[in-house]
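In: here is a sequence together with a model predicted from it:
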Amino acid sequence: MKLNNCLLSLFLTSAISCLGADAKVNFVFLESDDHHFQALGCMGEPLKTPNLDRLAARGVLFRHNVSQGTMCSPSRNALLTGSYPHNTGVYHNADGNMPKGIWTLPGALQRAGYQTALIGKNHFKPPSPYTGRPGQKPAEMILQETRKLGFDYLHSVGGKVAAASGPRANQTETDPYRLYLRDKGLLEKYEQEHSTPEADANSRIKMKVSVLQEEDYQDAYTARQAAEWIRTNHSIKPFFLWVDFVDPHPPAHPPLPYAGMYDWKTMRAPLPRPNTAEPVRGALRGVTDEQFKRFRAEYYAMITCLDAQIGKVLKALEECGELENTVIVFAGDQGSMLGDHGLWGKGKFYKGSINSPLIIAGAPGSLRGAKIDRPVELIDVAPTVLELAKIGTPERARCFGHSLLPLLTGQGVYGRSAAFAEDAEDKMVVNERYKFVRSRTEPLLFDMQADPDELNNLIGKLPQVEKEMGKLLDDWLAATPPVRKANPSPVRKTVAK
């Protein structure tokens with residue numbers, strides 16, 4: 001009997017060991033909104049982001065991450081699908097739905113047995129049979145279509161401004177964050193806070209303290225929902241949780257104690273306009289450096305508040321014993337110009353707008369505290385996750401990114417020599433030396449080594465470089481053909497290096 005018990009114990013130990021070796025890791029995506037790529041303490045900026053800094057110390061910080069779209073929705077849909085705006089058809093926040101049958105990362109994880117969830121803002125454009133007026137599309141239909149992108153659980157809220165604007169005409173209230181504020185008697189105050197009409201872009205740099213306490217602030221609400229989901233569902237493994245925050249998207253209304261925590265006088269002045277022959281599109285008029293510096297101070301305050309909410313999600317993972325078995329991806333959807341080059345917001349191909357933060361921590365075999373300066377793409381996250389989840393080639397062939405695992409581990413060869421981005425009119429390519437923007441109205445060429453602040457536009461001065469960079473764009477477009485409804489699952493072609 002004792003021998004049998006010993007054999008049984010040995011068998012169970014061996015089985016548990018084998019299960020541990022084959023067990024799949026969990027994934028948690030933490031996404032911020034309009035987040036300047038440098039606005040992290042670990043990037044050397046004078047702001048407090050202790051939780052994100054710890055993630056960077058545990059993993060890899062990508063210092064030159066390029067978003068594929070210039071605005072929230074194009075970038076988010078690109079990340080979701082591992083493909084480019086010309087594949088999704090989403091170039092602008094107001095664009096319509098993606099093509100039917102398009103591949104998605106959470107859908108692939110769902111098919112591989114992952115429990116999937118989305119909490120927070122998403123701004124996705126799911127395929128839809130709806131043919132009526134966009135403003136009249138039933139909210140429940142939108143939620144059902146979003147679930148079909150690959151989410152078992154969905155707790156979707158509007159963005160910072162959308163959440164304050166209320167349901168559209170003839171629609172019922174469905175935003176759970178608005179319902180939360182209504183039940184606490186705070187909804188009217190929140191709506192009034194965001195009701196000031198914006199006569200022009202300049203008015204968006206105005207700042208004030210939020211009317212809400214920190215616990216009622218939207219990102220705090222999202223973090224609580226995410227932490228509760230982890231505590232309730234972590235035992236159903238493996239899991240994929242996408243948490244979408246709304247800060248530091250304007251307006252700059254941080255709650256106390258964050259509002260006013262940074263002295264605007266210590267903020268750097270905006271970068272001057274580059275030497276382009278034509279005025280930069282979207283340049284603000286009559287806004288002083290002091291106004292931009294004051295805004296940056298409150299923008300940093302929002303990021304410190306965001307970091308505190310991220311800390312609550314990380315704490316839930318730790319309390320449930322899942323932190324060490326979870327790959328954590330922190331990314332911004334795209335950046336924000338913050339007054340650099342006289343520009344506001346996003347929609348540009350300068351680094352302040354098209355670059356965004358990216359940290360990946362907890363990947364098995366990952367380097368710790370590494371900093372990668374070569375250009376990577378935000379959509380590279382999709383094949384990286386598939387590889388870490390041990391999901392095979394058929395799924396990996398459905399997205400256009402390149403796995404970041406060689407950069408995470410320091411082993412193997414990363415398959416990308418240049419990164420790409422686009423809007424409906426213009427295309428951008430950047431490698432370790434040059435950035436080129438093909439545009440009829442604002443062509444750009446920068447030497448990224450000699451001119452990292454993008455102040456000296458070399459268009460017309462280096463024709464051979466323009467030709468070579470233009471060929472990279474042509475090869476990229478040929479290798480990533482648009483998705484058509486009749487053939488919705490593209491297979492990535494090889495781009496000659």
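Out: The structure has been received and is ready for your questions.
In: thinking residue 174 is in contact with residue 139, fair?
Out: Yes: using C-beta atoms under 8 Å, residue 174 is in contact with residue 139, at 4.3 Å. For every residue, glycine as well, the C-beta is placed using N, CA and C.
In: what residues are shared contacts of these two?
Out: Contact criterion C-beta atoms under 8 Å, 6 or more residues apart in numbering; residues bridging residue 174 and residue 139 by contacting each: residue 167.
In: for residue 301, give me its contacts.
Out: When contacts are counted by C-beta under 8 Å, 6+ apart, residue 301 is found next to 252, 254, 258-262.
In: buried ones in whichever strand or helix holds it?
Out: With elements delineated by DSSP states H and E, residue 301 resides in helix 289-319, which encompasses its position. Taking 16 or more other C-beta atoms under 10 Å as the basis for neighbour counts, the residues of helix 289-319 that come out buried are 291-314, 316-317.
In: list the buried ones in stretch 222-241?
Out: 222-227, 229-230, 233-234, 238-241.
In: now, of the contacts of residue 301, which are buried?
Out: Applying a neighbour-count criterion of 16+ other C-beta under 10 Å, the buried members of the contacts of residue 301 are 252, 254, 258-259, 261-262.
In: can I get stretch 442-455 in PDB, CA atoms only?
Out: This file holds the C-alpha atoms of stretch 442-455, laid out as PDB (Å, rounded to 0.1, in the frame of the first residue of the first chain):
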ATOM      1  CA  GLU A 442       2.700  67.800 -46.900                       C
ATOM      2  CA  PRO A 443       5.500  65.400 -48.000                       C
ATOM      3  CA  LEU A 444       8.200  64.800 -45.300                       C
ATOM      4  CA  LEU A 445      11.600  63.300 -45.200                       C
ATOM      5  CA  PHE A 446      13.600  63.400 -41.900                       C
ATOM      6  CA  ASP A 447      17.000  62.000 -41.000                       C
ATOM      7  CA  MET A 448      16.000  60.300 -37.700                       C
ATOM      8  CA  GLN A 449      19.600  60.000 -36.500                       C
ATOM      9  CA  ALA A 450      20.700  63.500 -37.200                       C
ATOM     10  CA  ASP A 451      17.400  65.100 -36.500                       C
ATOM     11  CA  PRO A 452      15.400  63.100 -34.000                       C
ATOM     12  CA  ASP A 453      13.100  66.000 -33.200                       C
ATOM     13  CA  GLU A 454      12.000  66.200 -36.900                       C
ATOM     14  CA  LEU A 455      12.800  69.900 -37.400                       C
END
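In: give me the nearest residue to the most centrally placed residue in the chain, chain neighbours excluded.
Out: Against the mean C-alpha coordinate of the chain, by C-alpha atoms, centre = their mean, the closest residue is residue 333 at 2.9 Å. Nearest-residue entry for residue 333: residue 75, 4.4 Å, with adjacent residues in sequence omitted and distances by C-beta to C-beta, 6 or more residues apart in numbering.
In: ok, then the element right after the helix or strand hosting that neighbour?
Out: Counting by DSSP H and E, the secondary-structure element that holds residue 75 is helix 72-81. As assigned by DSSP H and E, the chain's next helix or strand after helix 72-81 is helix 85-88.
In: name the SS class of the residue nearest to residue 309 when sequence neighbours are not counted, please.
Out: Once its chain neighbours are removed from consideration, residue 309 has its nearest residue in residue 223; the separation is 3.8 Å (C-beta to C-beta, 6+ apart). Classification of residue 223 into helix, strand or coil gives helix, according to DSSP: H, G, I helix; E, B strand; the rest coil.
In: pLDDT score for residue 223?
Out: Note on residue 223: pLDDT of 98.
In: residues in contact with stretch 430-446?
Out: The contact list for stretch 430-446, computed with C-beta under 8 Å, 6+ apart, reads 66, 274, 276, 278, 280-281, 349, 374-375, 417-419, 425-429, 447-449, 454, 456-459, 461-462, 465-466, 469-470, 472-473.
In: pLDDT weak spots in the stretch 201-350 of the chain?
Out: When residues are selected by pLDDT under 70, those of the stretch 201-350 of the chain lie in 201-204, 276-282.
In: so residue 300 touches residue 38, yeah?
Out: No: if you go by C-beta under 8 Å, residue 300 and residue 38 don't touch, sitting 10.8 Å apart.
In: spit out the residues that contact those two alike.
Out: A shared contact of residue 300 and residue 38, defined by C-beta under 8 Å, 6+ apart, is any residue touching both; here these are residue 45.
In: quick one, what contacts residue 328?
Out: 27-28, 30, 55, 59, 314, 317, 359-362.
In: my bad, should have said residue 260
Out: By C-beta under 8 Å, 6+ apart, the contact list for residue 260 reads 209, 298, 301.
In: and it, that's in a strand?
Out: No: the assignment for residue 260, made by three-state DSSP, is coil rather than a strand.
In: tell me what the helix holding residue 75 is packed against?
Out: Packing partners of helix 72-81 (3 or more C-beta pairs under 8 Å, 6 or more residues apart in numbering; DSSP states H and E): helix 85-88, helix 105-111, helix 381-388.
In: can you redo those as a markdown table with distance to residue 71, mean neighbour count and mean pLDDT?
Out: Shown next, in a markdown table, are the helices and strands packed on helix 72-81 (distance: least, C-beta to C-beta, whole Å; neighbours: other C-beta atoms under 10 Å; pLDDT from 0 to 100):
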| stretch | distance to residue 71 | mean neighbour count | mean pLDDT |
| --- | --- | --- | --- |
| helix 85-88 | 10 | 24 | 96 |
| helix 105-111 | 20 | 21 | 97 |
| helix 381-388 | 18 | 24 | 98 |
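In: which of those helices sits closest to residue 267?
Out: Taking C-beta to C-beta, helix 381-388 is the member of those nearest to residue 267, at 30.7 Å.
In: after the closest one, which helix or strand is next?
Out: Taking DSSP H and E as the definition, the helix or strand that follows helix 381-388 towards the C-terminus is helix 393-396.
In: and the helix or strand following that following helix, which residues are buried?
Out: Reading on from helix 393-396 to the C-terminus, the next helix or strand found by DSSP H and E is helix 405-409. Neighbour-count burial for helix 405-409, with 16+ other C-beta under 10 Å as criterion, is recorded at 405, 407-408.
In: ok, so of those residues, who is nearest residue 125?
Out: The nearest member of those to residue 125, counting by C-beta to C-beta, is residue 405 at 29.0 Å.
In: who are the neighbours in contact with the closest one?
Out: Taking C-beta under 8 Å, 6+ apart as the definition, contacts of residue 405 comprise 363, 384, 387-388, 412.
In: what does residue 211 give?
Out: Residue 211 makes contacts with 186, 189-190, 192-193, 253, as judged by C-beta under 8 Å, 6+ apart.
In: stretch 152-171 - what's its average pLDDT?
Out: Stretch 152-171 shows a mean pLDDT of 84 in the predicted model.
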